[in-house]
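# here is my input, please return the structure:
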Amino acid sequence: MDGEGFSEVTGEQSYCERMQSAFCGVCVGLLLFFGSWGVLFWNEGRAVKRQKDLDEGRGIVQLVGLTTANGTVDTTFNDKLVWTTGLVDGGNAQIYDDLLKLNVTNLTKAISYSRSVEMYQWEERKSTRTEKTSGGGTREITTYTYSTDWNSRLISHTTFREQKAGRTNPTSFLLTEFSYVASDIGLGAYNVDASVASYVSWSETWSDAPVNTSAVSFPNYTTSFNSGTLYVRKVANTDSVGDNRATLSITLPDVVSVIAKQSSSGQLQPYITEGDRELLLFSRGEKTSDELFLQAEEDNVMLTWILRFAGFLAMCIGVWLMLNPIATAFDVLPFCGDALEGCIGGCIIPCIAVCICLLLSLLIISIAWIFYRPYFAVGTLLMLGLLGVFYFKYMKPKLEKKPGQQQPQQQQQQGYEEDKRETIPAQPYGGEAAPQNDVPFGQALDNPPPSGGGGYSAP
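I've put the predicted structure just below:
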């Protein structure tokens, strides 16, 4: 790695061009926004259908049990969904590596074998940053750096942005890639079709492969083998441009458990459910039928939540793109334009998008959940109807009658207290009863009561 590089301006956008791009983003946002509706709705249907398939399979699966290569296929289970477990192997297929002179089948009984090749080459890496310019525009600055590393892809140095002497790559590999999968994969007494074979994917590095390095020789290169990797170098134990290496990988036989259809030819293949969908369960290791179905249900729930989040995220991005022109419009303002764009586009709009999309996603998921469960929807509506009848027929009349009964009692009590207050006569200073007829204040002063009564007397 020379550690050198350079930077250059690779693009500029004026304020008008940025606004134009922002409005183009609105169209993309609309597609994401409404497309996420379909994803969320479809996902609920997919989850329900998958669960129905699993329930159907759980009810009809036939337990074949352990199968061995020396065993026989019970024809009574033909065209039925069966569970079986046993050792999966490569059958009688022969795997041979011509370059390394290795008979892989005789050495390991492998199901598959691969030789992946890499070359030590110059690589160009790019990083781009955006800078603001006056007037609301932007400028893109790209930095190019160059280094050496192992890569499985042939890199042409003629495409590098900066051409420099000594920074060149070879035009071809010394070693070639090789890959082979046994065509006669079997599971005990059964053979399996391509759909089942695709699940056999636990390859590992063949670290103890008996490679004869003298069988691989190139002029001016040395060959060595270490921990499953064959090195072809110009200088031993030192990486330099043009060196090649090949990593050997194999898939060894192992015990698996399968739930699949047993065909009339003794082959395991996907089972077609009543909904015209494939049902095939596969797991490495010995597992019971219930364990396979339980794992499939958990995987279905996990995938459902992943797709729900993906739909919600796509909806949020769509809303953000639709509202982004608002943030871009503020960037033209002097002094505070950059801060306003960052605040609106980086905080306010995302918060609005999350709030809107969260509520809308829950609504769509709820509608789809009920739509794909019609029996539950009918039961829910019936329950709500019964509650409504009970409320309007029994609860509402009682709630309206109770306040009406209390009002006459309160009026009667209030009238009783007023009558009680009227029967108490007012007592004058002298202790005599007050006259029943009202006497004006001036007349009372002109005609005082007798002095002997102990009441009021004029001076």
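
# how about stretch 81-98: buried residues?
Neighbour-count burial for stretch 81-98, counted by 16 or more other Cβ atoms under 10 Å, picks out 81-91, 93, 95, 97. To be clear about C-beta, it is placed using only N, CA and C from the backbone, and glycine gets the same treatment.

# on the three-state scheme, residue 386 is what?
Following DSSP: H, G, I helix; E, B strand; the rest coil, we place residue 386 in the helix state.

# now distance to residue 207 and pLDDT too, for the buried residues of stretch 81-98, in TSV please.
Shown next, in TSV, are these (distance: Cβ to Cβ, whole Å; pLDDT from 0 to 100):
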residue	distance to residue 207	pLDDT
81	40	96
82	37	96
83	35	96
84	32	95
85	29	95
86	27	94
87	23	93
88	22	93
89	21	89
90	20	86
91	25	80
93	23	81
95	18	91
97	16	93
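
# now, which of those lie within strands?
81-89, 97 (DSSP state E).

# for those, which one is nearest residue 17?
Residue 17 lies nearest to residue 97 out of these, by Cβ to Cβ, at 56.6 Å.

# for that closest one, list each beta-bridge partner.
Per DSSP bridges, the residues bridged to residue 97 are residue 102.

# got the contact list for it?
Counting by Cβ atoms under 8 Å, 6 or more residues apart in numbering, residue 97 makes contact with 104, 113, 115, 178.

# could you dump the ones in strands among the buried residues of stretch 81-98 to a markdown table with distance to residue 359?
What follows is those, written out as a markdown table (distance: Cβ to Cβ, whole Å):
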| residue | distance to residue 359 |
| --- | --- |
| 81 | 42 |
| 82 | 47 |
| 83 | 44 |
| 84 | 48 |
| 85 | 48 |
| 86 | 51 |
| 87 | 53 |
| 88 | 49 |
| 89 | 54 |
| 97 | 60 |
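
# ok, so of the residues you listed, who is nearest residue 311?
Checking those against residue 311 with Cβ to Cβ, the nearest one is residue 81 at 32.3 Å.

# I'd say the closest one and residue 59 touch.
No: the pair residue 81 and residue 59 does not pass the contact test of Cβ atoms under 8 Å, sitting 9.6 Å apart.

# from residue 332, how far off is residue 102?
Taking Cβ to Cβ, to the nearest Å as the measure, residue 102 falls 68 Å from residue 332.

# which one's more surrounded, these two?
residue 102 (22 against 17; other Cβ atoms under 10 Å).

# quick revisit: return the subset of the contacts of residue 97 lying in helices.
Among those, the ones falling in helices (DSSP state H) are residue 104.

# I'd like the contacts of residue 97 written out as CSV, with pLDDT, distance to residue 185 and neighbour count added.
What follows is the contacts of residue 97, written out as CSV (pLDDT from 0 to 100; distance: Cβ to Cβ, whole Å; neighbours: other Cβ atoms under 10 Å):
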residue, pLDDT, distance to residue 185, neighbour count
104, 91, 15, 22
113, 95, 13, 26
115, 96, 20, 20
178, 95, 19, 18
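
# of the contacts of residue 97, closest to residue 233?
residue 115 (17.4 Å).

# so who does the nearest residue to residue 91 once chain neighbours are set aside touch?
Excluding its sequence neighbours, the residue lying closest to residue 91 (Cβ to Cβ, 6 or more residues apart in numbering) is residue 184, at 3.1 Å. Residue 184 is in contact with 90-93, 191, counting by Cβ under 8 Å, 6+ apart.

# closest one of the residues you listed to residue 230?
Of the contacts of residue 184, the one sitting nearest to residue 230 (Cβ to Cβ) turns out to be residue 90, at 22.7 Å.

# test my guess that the closest one contacts residue 187.
No: under the criterion of Cβ under 8 Å, residue 90 is not in contact with residue 187, lying 11.4 Å apart.

# scan this protein for its longest strand.
Counting residues, the longest strand found in the chain (DSSP E) is strand 112-132.

# give me the sheet partners of the next helix or strand after that strand and which way each runs.
Stepping forward along the backbone from strand 112-132, the first helix or strand reached (DSSP states H and E) is strand 138-151. Under the criterion DSSP bridges, strand 138-151 sits next to strand 5-13 (antiparallel), strand 112-132 (antiparallel) in its sheet.
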